[in-house]
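Asker: how does the following fold in three dimensions:
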Amino acid sequence: ANAIGEIVRATLPLGVAQLFVVAGGRVNTILLSSISGAAAGAGFESCWRLYQLSQYVVGGLATAAAPFMAEALGSGRHRDLLRIIQRVGSLVLLSGLILGLGMYALRNPTSHFFFGPLGHQVAHAITPLAIVTPLTFLGFLATMVLAASPPDRWAIIAANALGALANLVLLIVLAPGNGLSGGTLASAIGLAVSQLGLLLQFARLMHRLRRSRLVATESLPAPTITL
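Answerer: Modelled structure (predicted):
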């Protein structure tokens, strides 16, 4: 029962955070359609779908490492946790850079292949989402670690709520004059706000773990030398 309760407490912030992300995408589509026309709404939905393809990669990488990170954190093996985070973090960042650059470099052929008549608009507007891709990769890894730390789980919901709010405000401001490009820019900035909030809390957690490891090392008795 305790194990089930802990799983629920760890996964609940993840579910709520995803609601903010998904709702943000749907709100952008609806508002852009009403402000700038159906073509802008359809264009944003196309940009969002193309951007989401890359997120499945980071989801697989971070989720595969999540049980090992949670077990190391829960058992107090902070040295092992830091080692796992360094290795997985390097892979996640590299993957984010490759996919973000690939999304930008191949935006024209990819958009025209998948979206036909909307391809030109999608290729023109997707750049902000491509730029923010490496940051969202790191943010997802931070989310997995924070979910395993009871004092830090609240930050997952708070960061995503703040990002969703930033997205909504910027969308209302930018959409009337910029249409689809304003919608993707608002979405990218909202995502960046969320990820920076997550990474800030993640950095605080890493600082605490390093300090606890240092204190534990300093508290060990000094070795005695007998002649």
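
Asker: the protein: helices as residue ranges?
Answerer: Taking DSSP state H as the criterion, the chain carries its helices at 2-36, 38-74, 78-105, 107-115, 119-125, 127-147, 154-218.

Asker: what's the fifth one packed up against?
Answerer: Applying 3 or more CB pairs under 8 Å, 6 or more residues apart in numbering; DSSP states H and E, we find helix 119-125 packed against helix 38-74, helix 107-115, helix 154-218. C-betas here are computed from N, CA, C, even on glycine.

Asker: I'd like these as TSV, with mean neighbour count appended.
Answerer: Formatted as TSV, the helices and strands packed on helix 119-125 follow (neighbours: other CB atoms under 10 Å):
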stretch	mean neighbour count
helix 38-74	18
helix 107-115	16
helix 154-218	19
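
Asker: let's have the ones you listed in TSV, adding distance to Leu129 and mean pLDDT.
Answerer: Formatted as TSV, those follow (distance: least, CB to CB, whole Å; pLDDT from 0 to 100):
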stretch	distance to Leu129	mean pLDDT
helix 38-74	4	81
helix 107-115	10	91
helix 154-218	5	88
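
Asker: of these, which is nearest Gly24?
Answerer: helix 154-218 (4.8 Å; CB to CB).

Asker: tell me what that closest one is packed against?
Answerer: Helix 154-218 sits against helix 2-36, helix 38-74, helix 78-105, helix 119-125, helix 127-147, with contacts defined as 3+ CB pairs under 8 Å, 6+ apart.

Asker: got a list of contacts for the shortest one?
Answerer: What that stands for is helix 119-125. Applying CB atoms under 8 Å, 6 or more residues apart in numbering, the contact partners of helix 119-125 are 39-40, 43-44, 46-47, 50, 107-108, 110-113, 115, 180-181, 183-184.

Asker: so who does the spatially closest residue to Gly182 that is not a sequence neighbour touch?
Answerer: In space, Gly182 comes closest to Leu174 once its chain neighbours are excluded; the distance is 3.2 Å by CB to CB, 6 or more residues apart in numbering. Going by CB under 8 Å, 6+ apart, Leu174 touches Gly182, Gly183, Leu185, Ala186.

Asker: hmm, which two among those residues are most spread apart?
Answerer: For the contacts of Leu174, the farthest-apart pair by CB to CB is Gly183 and Leu185; their separation is 7.2 Å.

Asker: between the contacts of Leu174, which is nearest Ala17?
Answerer: Nearest to Ala17 among these is Ala186, at 18.7 Å by CB to CB.

Asker: just checking, that closest one touches Pro176?
Answerer: No. Contact criterion CB atoms under 8 Å: Ala186 and Pro176 do not qualify, at 11.7 Å.

Asker: against Asn178, how distant is Leu170?
Answerer: Shown here: Leu170 relative to Asn178, a distance of 10 Å by CB to CB, to the nearest Å.

Asker: identify the contacts common to the two.
Answerer: Counting by CB under 8 Å, 6+ apart, the contacts common to Leu170 and Asn178 are Leu185.

Asker: hang on, the earlier thing: out of the helices and strands packed on helix 154-218, which one sits most buried?
Answerer: Stretch with highest mean neighbour count among the helices and strands packed on helix 154-218: helix 127-147 (a mean of 23; mean count of other CB atoms under 10 Å).

Asker: return the angle between stretch directions for that helix and helix 38-74.
Answerer: Put simply, helix 127-147 runs at 30 degrees to helix 38-74, going by axes from the mean of the first three to the mean of the last three CA atoms, to 10 degrees.
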